[in-house]
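Novice: Compute the structure for the input listed below.
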Amino acid sequence: MTLEELQAAEAGLASIEAYEALETLAEEYADEQQGLTPDAAWNSFRNALENAQFALNNNRFGTEDLTALAERLQNAADGLLYVESIEVVQLPAVTEYYVGDAFDPSGLAVEAVDNKGNRYTLTDQDYTLSGYELDHTGTVTITVTYEGKEATFDVTVLERQEPEATLKSLEITQTGKTEYKTGEEFSTEGMEVTVYYTDGSSRVITEYDVSGFDSETAGPKTVTISYTEDGITVSTVLEVTVTEDSGDPTDPSDPTDPSGPRDPSDPSDPSDPSEPGDQKDPDDPAAPGGSDASEDPSPVSGGDEENAGNGEAVQTGDTLNLMPYLAAVALAGTAAGAAVTVRRRKKD
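Specialist: Numbering: from 1, shown residues only. Got it, this is the predicted structure:
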């Protein structure tokens, strides 16, 4: 083999080595991401990579060209800033949950560390979270991912405990008595009071406090109904009305009222001592209030005496009433005659 042939062979080997070296670099950086690299440095890298790929696809480039392209690509790659690792530098504000709760990343702080040792604070738009399904009790590991790098932190999930029901409100579900007289006491008869709890349950109670009722004066009154349980007091109000008590339960317009006025034509007037229907003759001496003929034999009185002495008829307001008087006079005369006869016989 001649010297020229040896030199040609060496040149071919060098070219092959340069080609393979450039090919290796191009493949290594083919999938490189910008990451933390500034735009200018990134653009320079992309140009160097594209030139290298072009030379590899064309056999007209010599060893020197291939070597130069490889050096340029490596220098551009050295200027790249990529994420070496990420770190959780502050945990979220909430790290303890109950089964079924939603994860809250508020307060989480994450930093990225590049290949030069520089640190960068990431926003919640830069990274992704996974594994935060809080569907079982125990320790749950949540993963933070950025530029292919990962970091993790743990939260604790507890069994959910149902809160104890507490008193919430009170309602009068049946009002009962709402009309009162002055001086009357408040009555809970017919009234129904229901209390409600925070878990949605309710129950009717029979023991509760009543305040504010005043029946001393008439008018609308506000009564407060309250109930206390486990240090919690709930209340509501009931509006009632108090009216004046007249003290006479009998209706004056009631015709059966014994104290009311009576019909003058009623023969059963209790002021009349006689039996109903028994009409007494007012001129009967035996009748209560009747006149005695022996005391006043003359049926005439007042200005009628003169007419009676002249033998004229006596005029009275009621002619029918004259007959009893005349009968009384006759009886009196007969009695007087009999008395004279008796005295004469005694003298003889």
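
Novice: When you work out contacts or count neighbours from here on, use the C-alpha atoms and nothing else.
Specialist: Fine.

Novice: in the stretch 151-300 of the chain, which ranges drop under the pLDDT threshold?
Specialist: Counting by pLDDT under 70, the stretch 151-300 of the chain has low-confidence residues at 247-300.

Novice: same thing but at 80, please
Specialist: 162, 246-300 (pLDDT under 80).

Novice: Please enumerate the strands of the stretch 151-300 of the chain.
Specialist: Along the stretch 151-300 of the chain, counting by DSSP state E, counting those that start in this stretch, strands occupy 167-174, 179-181, 192-197, 202-205, 209-211, 219-229, 232-243.

Novice: quick one: the third one to strand 232-243, angle?
Specialist: This points to strand 192-197. Using axes from the mean of the first three to the mean of the last three C-alpha atoms, to 10 degrees, the inter-axis angle of strand 192-197 relative to strand 232-243 is 160 degrees.

Novice: Relative to strand 192-197, what are the paired strands and their orientations?
Specialist: Here strand 192-197 is paired, per DSSP bridges, with strand 167-174 (antiparallel), strand 202-205 (antiparallel).

Novice: out of the strands of the stretch 151-300 of the chain, which comes closest to His136?
Specialist: When the strands of the stretch 151-300 of the chain are compared by C-alpha to C-alpha, strand 192-197 sits nearest His136, at 29.6 Å.

Novice: List the buried residues for the closest one?
Specialist: 193, 195-196 (16 or more other C-alpha atoms under 10 Å).

Novice: got it, and stretch 118-130?
Specialist: 119, 127.

Novice: Report the separation between the two terminal residues of that stretch.
Specialist: Length of stretch 118-130, first residue to last, C-alpha to C-alpha, to the nearest Å: 26 Å.

Novice: which residues touch that stretch?
Specialist: Residues outside stretch 118-130 that contact it (C-alpha atoms under 8 Å, 6 or more residues apart in numbering): 109-113, 142-146.

Novice: residues in contact with Thr217?
Specialist: Per C-alpha under 8 Å, 6+ apart, neighbours of Thr217: 182, 242-244.

Novice: Can you name the two of those that sit furthest apart?
Specialist: Val242 and Glu244 (7.0 Å).

Novice: more crowded one of these two?
Specialist: Val242 (21 against 14; other C-alpha atoms under 10 Å).

Novice: so which of the contacts of Thr217 comes closest to Glu159?
Specialist: Out of those, the member with the shortest distance to Glu159 (by C-alpha to C-alpha) is Val242, at 56.9 Å.

Novice: That closest one: what's it in contact with?
Specialist: By C-alpha under 8 Å, 6+ apart, the neighbours of Val242 are 179-182, 215, 217-221.

Novice: Next one: it relative to Gly219, how far apart?
Specialist: For Val242 relative to Gly219 (C-alpha to C-alpha), the value is 5 Å.

Novice: Let me know the pLDDT of the closest residue to Pro105 other than its chain neighbours.
Specialist: Counting by C-alpha to C-alpha, 6 or more residues apart in numbering, Pro105 lies nearest to Pro92, which is 5.4 Å off, once chain neighbours are set aside. pLDDT, Pro92: 97.

Novice: do the same with Glu23
Specialist: Per the predicted model, pLDDT is 89 at Glu23.

Novice: these two touch, right, it and Leu56?
Specialist: Yes: Glu23 is within contact range of Leu56, at 6.8 Å (criterion: C-alpha atoms under 8 Å).
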